[in-house]
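*Asks:* predicted structure and sequence below. I'll ask about it afterward.
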Amino acid sequence: MDTQTVPSPDTTEQLAVQAQDQIMQPVAEDAATERTITVDGQEYQTNLPDGVQLITDGGSARYLDLEQKPLLPGDFDALQPGTYFIRGEREKMDDFKPEPEMVPVERHIEVKESEFGKTISRESLGERWSIEPDAAELMQTLGYEVVQTEHGPRISGAPTPETVKAAAGLAGVDIRFFDDVETIQGSDYLQTIAEGQYPASTKSEIMYKHDIEDDHLTTMVLGGEPLKQALVVVAQNALEKGGDLVDDTAMGIDTFTATIRGVISTHHELLGEAYGLEMGRRTVIQAGERIGIPPEETLKILEQAQGAARALHMNVKELH
């Protein structure tokens, strides 16, 4: 059976240094020059470099306040390590006052050096970036910064696109970024998979998080070459046949990779009997069959993923 070799600590450290040398820049000094940017029609002062907006316009009511807005991952790698700010005033409504009052508002974005390149501090981000209790080493493999607390591991920094690409590359996964769309079209998704790459969007923090967090991407790392080669064949077949099969297969691959992750060890979003000890193996087999992967091939992928997970000290389920 083909297996993926998990790098030894010494090898990982050496490769990480090489990756960091390729993408790191000198640490930024706090910018002395401020400039004006406009977000949702409101002007703010910032020390962000020219050409870097970083904060998205618009969005749902949840994202109306500057402090809560998601960031634009496509701009992360334009920032040198350092602390950036966006500050100004915004209107605040008060039921007991006839007119809104202006209150100060400020947002800080901290960019830090990391083992593989750069991370954006968790406090800087708009989305909630979480981690499973046994996935610290797995997420660190992808360039995440993880700290241990009395309540377990906690993500303290999310990798920039170039950082996660470098880290994932060392783990055998070649990421291809889409910077112009949030939801990648089925044909583009399959074409990327058919070329042996993993598709991810940097259009918004929401989709960037979805594409690089602990489910699909981590499964690609754990599944290694057996998973990648199986998906190459699946994607090529669907592209050749075309029609509705393209989108159906794209969604099927998404389901297959998430299912493997949910069956390997406990995951807060992938719960229930289908992922449990009694049914987990069958659930993965069925997900594979829906996209044309034979049961025996699925079991090889699962065995590979379980072995890689154990090497990363995850609590692998002992499936029946």
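*Replies:* Structure received.

*Asks:* mind exporting the helix or strand harbouring residue 155 as CSV, just the C-alpha atoms?
*Replies:* Assigned by DSSP states H and E, residue 155 belongs to strand 152-159. Coordinates of each C-alpha in strand 152-159 appear next as CSV, following Å, rounded to 0.1, in the frame of the first residue of the first chain:
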residue,chain,number,x,y,z
GLY,A,152,-6.7,22.7,25.5
PRO,A,153,-5.1,24.0,22.3
ARG,A,154,-6.1,27.3,20.8
ILE,A,155,-5.3,28.8,17.4
SER,A,156,-3.4,32.0,18.1
GLY,A,157,-2.6,32.8,14.5
ALA,A,158,-3.9,31.8,11.1
PRO,A,159,-1.4,31.4,8.2
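
*Asks:* which parts of the helix or strand following that strand are buried?
*Replies:* Moving toward the C-terminus from strand 152-159, the next helix or strand (DSSP H and E) is helix 161-170. Across helix 161-170, burial judged by 16 or more other Cβ atoms under 10 Å covers 161, 162, 163, 164, 165, 166, 167, 168, 170. Every C-beta, even on glycine, is put in place using the N, C-alpha and C of the backbone.

*Asks:* can you map out the strands along the stretch 1-150 of the chain?
*Replies:* All strands of the stretch 1-150 of the chain, identified by DSSP state E, counting those that start in this stretch, fall at 35-39, 42-46, 82-92, 101-113, 118-121, 145-149.

*Asks:* what does the first one contact?
*Replies:* With contact meaning Cβ atoms under 8 Å, 6 or more residues apart in numbering, strand 35-39 is reached by 43-48, 50, 53, 55, 57, 66, 69, 86.

*Asks:* likewise for the third one?
*Replies:* With contacts defined as Cβ under 8 Å, 6+ apart, strand 82-92 is touched by 27-31, 37, 39, 42-48, 54-55, 65-66, 100-111.

*Asks:* before we move on, the earlier item: ranking the strands of the stretch 1-150 of the chain by burial, who's on top?
*Replies:* strand 118-121 (a mean of 23; mean count of other Cβ atoms under 10 Å).

*Asks:* pairing partners for that strand, with directions?
*Replies:* According to DSSP bridges, strand 118-121 forms sheet pairs with strand 101-113 (antiparallel), strand 152-159 (antiparallel).

*Asks:* which of those has the lowest average pLDDT?
*Replies:* For the strands paired with strand 118-121, mean pLDDT drops lowest on strand 101-113, to a mean of 93.

*Asks:* what residues does it touch?
*Replies:* 20, 24, 27-28, 44, 48, 54-55, 65-67, 69, 71, 76, 79-92, 94, 118-121, 123-124, 145, 157, 160.

*Asks:* so where's this structure uncertain?
*Replies:* 1-32, 58-64 (pLDDT under 70).

*Asks:* which residue is nearest the centroid of it?
*Replies:* When the chain is reduced to its mean C-alpha position, the closest residue under Cα atoms, centre = their mean turns out to be residue 212, at 1.7 Å.

*Asks:* hang on, that residue packs against residue 142?
*Replies:* Yes - with contact defined as Cβ atoms under 8 Å, residue 212 counts as touching residue 142 (6.9 Å).

*Asks:* what sits in contact with each of the two?
*Replies:* Jointly contacting residue 212 and residue 142 under the rule Cβ under 8 Å, 6+ apart are 159, 164.

*Asks:* tell me where the stretch 151-300 of the chain has helices.
*Replies:* Remark: helices assigned in the stretch 151-300 of the chain by DSSP state H, counting those that start in this stretch are 161-170, 186-194, 205-212, 216-241, 244-264, 280-289, 295-311.

*Asks:* swap in the stretch 1-150 of the chain?
*Replies:* Under DSSP H, counting those that start in this stretch, the stretch 1-150 of the chain gives helices at 9-23, 136-141.

*Asks:* how far does the last one sit from the chain's center?
*Replies:* Looking back up the chat, that one is helix 136-141. 12 Å (Cα atoms, centre = their mean, to the nearest Å).

*Asks:* stretch 72-81 now?
*Replies:* Offset of stretch 72-81 from its chain centre (Cα atoms, centre = their mean): 15 Å.

*Asks:* any idea how far residue 299 is from the residue nearest to the centre of the chain?
*Replies:* Using Cβ to Cβ, to the nearest Å, residue 212 is found at 27 Å from residue 299.

*Asks:* re the thing from before, kindly indicate which of the buried residues of helix 161-170 lies nearest residue 295.
*Replies:* Nearest to residue 295, judged by Cβ to Cβ, of these is residue 168 at 28.3 Å.

*Asks:* the closest one: what's it in contact with?
*Replies:* Neighbour list for residue 168: 142, 143, 174, 175, 198, 217, 220, 221 [criterion: Cβ under 8 Å, 6+ apart].

*Asks:* so how do I select the buried members of the residues you listed in PyMOL?
*Replies:* To isolate the buried subset of the contacts of residue 168 in PyMOL, counting by 16+ other Cβ under 10 Å, use the following:
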select buried, resi 142+143+175+198+217+220+221
